[in-house]
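[1] Just need the structure, nothing else, for what follows:
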Amino acid sequence: MRFLLISYNDSDGVGQTVANLNSTLNALGHDSKIVLLDKTTNSDQVIKLKRSFLKRIFFYFLEFIKKRYSDLFSFGNSTISFNEIEKYTKNSEVLIIYTFHKILSIKMLQKLYYQKKHIYLRPLDMELATGGCHVNFIYDDGSECKKYLSGCDKCPKLNSFNLLNISKRIFNEKKNFMEKYKPTIFLENKFTKNIYEKSPITAKANSEVIYLPVRESRKKNISKNEARKFFNFSEKEIILLFGTYNLDAPHKGGRIIGEILNLFVNFCNKNKSNLFLNNKIKLVTFGRKQGFKINNSKIDWYHLNEIKNDWELNALYRSADLFLSPSTGCNAPSTVREATVNDIPIIAFENGEASEAIINNLNGILVPNYDKKKFAEAIFESVTKKKFVNKNNWNDKLKKRYSSDLEAKFIISKVLSDLKK
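    Model (predicted):
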């Protein structure tokens, strides 16, 4: 079959997922290509779309005069012409759309349906379920926004710049589209499926769970000694690991991890623990640092930039004692999957991927949303009692679940079933 995958880029968490599926489909004997706006891969299978200069200026103007407008995904607008993408879609049988941001408008999507292509939506954020936002919480205080459950009227992110109640307009356009075409939406876990089934926009769509994979090259059983020698970490250090594509992205937890670690230190002092007398504790972070920073006199902070080599990323997980995932609005952090398949215990809030991947006191601890104090106490309990079973049957099941071949075969099976219908 001829597949066309549509994404914003091939480098961030979504982009890497798209690139992974593309290579797996080709390895299984299918003809698959990616079209996107920002390309980093040197491959003929990855095609950069030409963007309209005038449309790009328009979006730049909106983001310049009101930065939070960029938080509202422009589903309903595009920075390319339909002819630009049509020359690739017309030669494809199956379209899998990961993001609409600045690529596809609703009218463009309707035109693709008129071509009678087999179209599947694969959103890796909240974009389709809301009136436009990528992450449904308000940045100022970190609280969740539930307006998508009742129509996204007067979006609080846009406040004074909410021209003509644009969030509600986009909400209604999406809802009408979903009710008319009832598309199939591939969602990354049951947690996200529950969100999409509750949203009035996507409630009548056909939602199916197809778990996202971890590349086999990131699952290798590297010894902790070898991993620590590579990064020059001491065997005696307790290493807490935290990473994501952008460390200062609020929904990834970067904005609160410093506060959590301060609470952790206070908890140690309150309980008169000798933890810091007997151990050196190091926080290791990886990803784009940008405005992210940690100030804690008791904990050493060591930052690595983006890690693009799979073996190095694999080794980094294997070097750690504990992975911290204080995500407040990311439904499927790749780091949770990658940590579990590398047998590293995880502390995480009870949402998204973590709510399914973590079994309390077996491969980590789930903390009530968004209790920073309980998160800090869970870190203390984890590094002092060390009660986790690193090698366990559940993690072995997750290694099989997070398979690139399994994801591709599920999608192929779905397409074949639809073709028969």
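
[2] What is the burial count for Lys409?
    Per other CB atoms under 10 Å, the neighbour tally for Lys409 reads 15. Heads up, the C-betas are built off the backbone N, CA and C, glycines and all.

[3] cool, and Phe276?
    Using other CB under 10 Å, Phe276 is surrounded by 15 other residues.

[4] Contact partners for it?
    If you count contacts by CB atoms under 8 Å, 6 or more residues apart in numbering, Phe276 has them with Val265, Cys268, Lys298.

[5] would CSV of those residues with neighbour count and secondary structure be doable?
    Shown next, in CSV, are those (neighbours: other CB atoms under 10 Å; DSSP: H, G, I helix; E, B strand; the rest coil):
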residue, neighbour count, secondary structure
Val265, 20, helix
Cys268, 20, helix
Lys298, 15, coil
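
[6] Now these in CSV, please, with extra columns for distance to Lys116.
    Formatted as CSV, those follow (distance: CB to CB, whole Å):
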residue, distance to Lys116
Val265, 61
Cys268, 63
Lys298, 62
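
[7] Leu164: which of those is nearest?
    Val265 (49.3 Å; CB to CB).

[8] how much space between the residue lying closest to the closest one once chain neighbours are set aside and Gly364?
    Distance criterion CB to CB, 6 or more residues apart in numbering; nearest residue to Val265, sequence neighbours excluded, is Lys298 at 4.8 Å. Going from Lys298 to Gly364 by CB to CB, to the nearest Å gives 23 Å.

[9] Next: Lys190.
    Distance from Lys190 to Gly364, by CB to CB: 18 Å.

[10] quick one, which of these two is more surrounded?
    Applying other CB under 10 Å to Lys190 and Gly364 shows that Gly364 carries more neighbours, namely 25 against 12.

[11] OK, contacts around the more buried one?
    Gly364 neighbours (CB under 8 Å, 6+ apart): Phe323, Thr340, Pro345, Ile346, Ile347, Ala348, Ala354, Ile358, Phe388.

[12] Then Leu247?
    Applying CB under 8 Å, 6+ apart, the residues near Leu247 are Gly254, Thr285, Gly287, Arg288, Lys289, Gln290, Phe292.

[13] for the closest residue to it other than its chain neighbours, helix, strand, or coil?
    Closest residue to Leu247 apart from its sequence neighbours, by CB to CB, 6+ apart: Phe292 at 3.7 Å. Look at Phe292: counting by DSSP: H, G, I helix; E, B strand; the rest coil, its state is coil.

[14] Phe292: neighbouring residues, count only.
    Quick note: Phe292 (other CB under 10 Å) scores 20 neighbours.

[15] for Leu406, same thing?
    Residues near Leu406, counting by other CB under 10 Å, number 15.

[16] Can you name the helix or strand that it falls in?
    Element membership for Leu406 (DSSP states H and E) is helix 404-420.

[17] Need the contact partners of that helix.
    Contacting residues not belonging to helix 404-420 are listed as 1, 20-21, 24-25, 28, 30, 94, 96, 118, 120, 184, 186, 208, 210-216, 400 [CB under 8 Å, 6+ apart].

[18] Now, the residues you listed that are in helices?
    Using DSSP state H, Asn20, Leu21, Thr24, Leu25, Lys400 are the members of the contacts of helix 404-420 that sit in helices.

[19] Tell me the one of those nearest Ser334?
    The nearest member of the ones in helices among the contacts of helix 404-420 to Ser334, counting by CB to CB, is Asn20 at 10.1 Å.

[20] ok, the closest one - contacts?
    By CB under 8 Å, 6+ apart, Asn20 lies in contact with Pro213, Arg215, Ser404.

[21] What ranges in the protein fall below the confidence cut-off?
    Along the chain, the model assigns pLDDT under 70 to residues 55-56, 58-76, 138-142, 159-161.

[22] pretty sure Lys397 belongs to a helix, no?
    Yes: Lys397 forms part of a helix when assessed by three-state DSSP.

[23] tell me the SS of the residue of the chain most remote from its centre?
    Ranked by distance from the centre of the chain (CA atoms, centre = their mean), the top residue is Lys272, with 38.4 Å. Of the three states, Lys272 takes coil under three-state DSSP.

[24] As CSV, could you dump the C-alpha coordinates of the host helix or strand of Glu338?
    Taking DSSP H and E as the criterion, Glu338 maps to helix 334-341. Listed next in CSV are the C-alpha coordinates belonging to helix 334-341 (Å, rounded to 0.1, in the frame of the first residue of the first chain):
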residue,chain,number,x,y,z
SER,A,334,7.8,9.1,25.1
THR,A,335,10.1,9.3,28.2
VAL,A,336,7.6,7.2,30.2
ARG,A,337,7.6,4.4,27.6
GLU,A,338,11.4,4.6,27.2
ALA,A,339,12.0,4.5,31.0
THR,A,340,9.8,1.4,31.5
VAL,A,341,11.3,-0.6,28.7
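
[25] which residues in the chain form strands?
    Counting by DSSP state E, the segments of the chain that form strands are 2-6, 31-36, 46-48, 94-97, 118-121, 184-187, 206-209, 237-246, 280-288, 300-304, 322-325, 346-349, 364-367.

[26] Let's see the ChimeraX selection covering just the buried ones among the contacts of helix 404-420.
    Here is the ChimeraX command that selects the buried residues among the contacts of helix 404-420 (16 or more other CB atoms under 10 Å):
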select :1,20,21,24,25,30,94,96,118,120,184,186,210,211,212,213,214,215
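
[27] Contacts for the helix holding Glu338, please.
    With CB under 8 Å, 6+ apart as the test, helix 334-341 has contacts from 13, 16-17, 212-214, 218-219, 241, 243-244, 313, 317, 320, 323, 325, 327, 346, 348, 352-354, 357-358, 363-364, 395, 398-399, 402.

[28] Return the distance of Asp371 relative to Arg218.
    Distance, Asp371 to Arg218, using CB to CB: 30 Å.

[29] For Ser327, grab phi and psi.
    phi -60, psi 130 (degrees, to the nearest 10).

[30] Give me the nearest residue to it, chain neighbours excluded.
    Counting by CB to CB, 6+ apart, the residue nearest Ser327 is Gly253, at 4.9 Å.

[31] List the contacts of that neighbour.
    By CB under 8 Å, 6+ apart, Gly253 lies in contact with Phe242, Thr244, Leu324, Ser325, Pro326, Ser327, Thr328, Phe349.

[32] try 10 Å this time
    142, 242, 244, 247, 260, 324-330, 333, 348-349, 370, 375 (CB atoms under 10 Å, 6 or more residues apart in numbering).

[33] Thanks a lot, catch you later.
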